[in-house]
Structures are given as structure tokens and as C-alpha cells.
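Undergrad: Sequence and predicted structure below; questions after.
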Amino acid sequence: MKKAYYLSSCSTCDRILKEVKDHHFQLQDIKFDAITEEQIDQMYQFTNSYEALFSKRARKYKSMGLKDHNLKEEDFRNLILEDYTFLKRPVFIVGHEIFVGNSKKTIDALKKCLANE
């Protein structure tokens, strides 16, 4: 399975998707096709952490004052399900591996994985 969770209005997501377009990912624009409980729990199986899937760079994270709270794993899960902007993106699932976020290290690891298919 090759799946990508992304945001179509995000230029960084668009740039990364263009870099891997030849690998035919099943795309899910999380703004228009919300993440389900099953999908977030599947991502958790790869990371063993909802916090690893959570974007602390989201505008709402600061505006809601969440940085001042001691959030637990269940809080991160619920926030991601409540609002798509809380998912660290893009998220790529390739077989039994997950790549979360847009750091150079993460995208390089994704490309290496795809090259070894």
C-alpha cells in the first residue's frame, strides 16, 4: 500500500508530492476527506505515538493555548481527529513504513525507500 495524507493548499505538500509523483500514491486531501479514527489508529501502529503525528506548528496550537497544557496521547489523537491542521504533514505510508512531516531527513528517507522498491 502506498498512501499519502496531505493538504492541497500547502505548497510544501505540493512540492513533495511532485518529487514522488512517479510512485502512484493513493492521495487523501485531509481538508476535504477527513482522517478517520481507523486511519489515525493505523498511523499510530507505525509510530506508537500520536504526538509524533501531531503538528505543534499549527496556528491553532498556539491560539488555543495548547502549548501551556500537559497533553497526553489521547489528547493528541482527539485534536487530530477534530481538526485536520493538527496532523503533521505530509504523511506517507509505504508498505510497512511511515514517513511523517516535511523535514529533509524524512523526505530523503522516503525517497530512499521508494528507490528500493
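TA: Sure, I can see it.
Undergrad: next one: phi and psi at the residue lying farthest from the centre of the chain?
TA: Distance from the centre of the chain peaks at D68, with 23.1 Å (C-alpha atoms, centre = their mean). Main-chain torsions, D68, degrees, to the nearest 10: phi -90, psi 0.
Undergrad: can you pull the pLDDT of it?
TA: As predicted, D68 sits at a pLDDT of 86.
Undergrad: so who does it touch?
TA: By C-beta atoms under 8 Å, 6 or more residues apart in numbering, no residues touch D68. C-beta: built from backbone N, CA, C; applies to glycine.
Undergrad: Tell me how many other residues surround G95.
TA: The number of residues packed near G95 is 9, by other C-beta atoms under 10 Å.
Undergrad: Am I right that it is in contact with K3?
TA: No. Contact criterion C-beta atoms under 8 Å: G95 and K3 do not qualify, at 10.4 Å.
Undergrad: By mean pLDDT, which helix or strand of the protein comes out lowest?
TA: In the chain, the helix or strand scored least confidently by mean pLDDT, DSSP states H and E is helix 59-63, which has a mean of 89.
Undergrad: helix or strand right after it?
TA: helix 73-82 (DSSP states H and E).
Undergrad: and L66, what does it touch?
TA: Contacts of L66 by C-beta under 8 Å, 6+ apart are 60, 79.
Undergrad: With Y61 instead?
TA: Counted by C-beta under 8 Å, 6+ apart, Y61 has contacts 55, 67, 86.
Undergrad: need those residues in TSV with neighbour count and distance to N48, can you?
TA: Output for the contacts of Y61, formatted as TSV (neighbours: other C-beta atoms under 10 Å; distance: C-beta to C-beta, whole Å):
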residue	neighbour count	distance to N48
S55	17	18
K67	9	23
F86	26	18
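Undergrad: Identify, from those, the entry nearest to K18.
TA: Comparing the contacts of Y61 against K18 with C-beta to C-beta picks out S55 as the nearest, at 21.3 Å.
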